[in-house]
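Participant: predicted structure and sequence below. I'll ask about it afterward.
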Amino acid sequence: SQELEQSPQSLIVQEGKNLTINCTSSKTLYGLYWYKQKYGEGLIFLMMLQKGGEEKSHEKITAKLDEKKQQSSLHITASQPSHAGIYLCGAEYGNKLVFGAGTILRVKS
Amino acid sequence: ETGVTQTPRHLVMGMTNKKSLKCEQHLGHNAMYWYKQSAKKPLELMFVYNFKEQTENNSVPSRFSPECPNSSHLFLHLHTLQPEDSALYLCASSQVGTAGANVLTFGAGSRLTVL
């Protein structure tokens, strides 16, 4: 099993709908990072969460860190076609940044 | 040029060829990374260089040989690769020693196909 599990693996939502992506760690989380990737391209940094209960927002994307549950969630409000892509969470394990397998998001117009 | 630049964007090579991937960062960062992204697998860290010194080799086969001549340039030399090495190779950089040490800036990647 992987150290960092993301769910769902993929989802398709209608434009305007809300959605949530989860990232669960098998180890204690000291730092959790969210990145977005367009297919076949590099990753773009979205947000960094470092404290339990921390919540950050950027435009219509909100991420939260539940340290006790070793989990983070990424919530997108009123999804748009521009939100489509692969969302990856990354966790600090020691001095390494380990990534989850990613969640593929498609937004139907 | 800004950010992290990778060349070539696409590469097709035979198993007996020798080629190199190049990465250049214009951000003044002190750490550079090579990641491998294969279909349906998590992003795999291959190598890390801090201040031009290799600090991480994640059990990568010797047919992959990294080189970091200075803090702005990173190469990945490839020789006698296998078809299963076909993947997207991503370069990234960050500023180690700050709160943003794991805020990586990625290049667009080099799509490698081994025939």
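Facilitator: Noted; the coordinates are in hand. Numbers count the residues shown, from 1 in each chain, chains lettered A, B, ... in the order given.
Participant: look up the closest residue to residue A:48, ignoring the ones flanking it.
Facilitator: If the residues on either side of it in the chain are set aside, residue A:48 comes closest to residue A:33, at 5.2 Å by C-beta to C-beta, 6 or more residues apart in numbering or on different chains. To be clear about C-beta, it is placed using only N, CA and C from the backbone, and glycine gets the same treatment.
Participant: low-confidence ranges in chain B?
Facilitator: Scanning chain B for pLDDT under 70 picks out the ranges B:1.
Participant: give the bridge partners for residue A:43, please.
Facilitator: residue A:37 (DSSP bridges).
Participant: residue A:13 too?
Facilitator: residue A:107.
Participant: how about the contacts made by the residue nearest to residue A:81 when sequence neighbours are not counted?
Facilitator: Distance criterion C-beta to C-beta, 6+ apart; nearest residue to residue A:81, sequence neighbours excluded, is residue A:107 at 5.0 Å. By C-beta atoms under 8 Å, 6 or more residues apart in numbering or on different chains, the contact set of residue A:107 is A:12, A:13, A:14, A:15, A:79, A:80, A:81, A:83, A:84.
Participant: for the first one, which non-adjacent residue is spatially closest?
Facilitator: Nearest residue to residue A:12, sequence neighbours excluded (C-beta to C-beta, 6+ apart): residue A:106, at 4.5 Å.
Participant: the one you found reaches residue A:10, doesn't it?
Facilitator: Yes - with contact defined as C-beta atoms under 8 Å, residue A:106 reaches residue A:10; the gap is 7.5 Å.
Participant: looking at the two, which is more packed in?
Facilitator: Each of residue A:106 and residue A:10 has its neighbours counted (other C-beta atoms under 10 Å in any protein chain shown); residue A:106 has more, 13 against 10.
Participant: check that one and give its pLDDT.
Facilitator: Listed pLDDT for residue A:106 reads 97.
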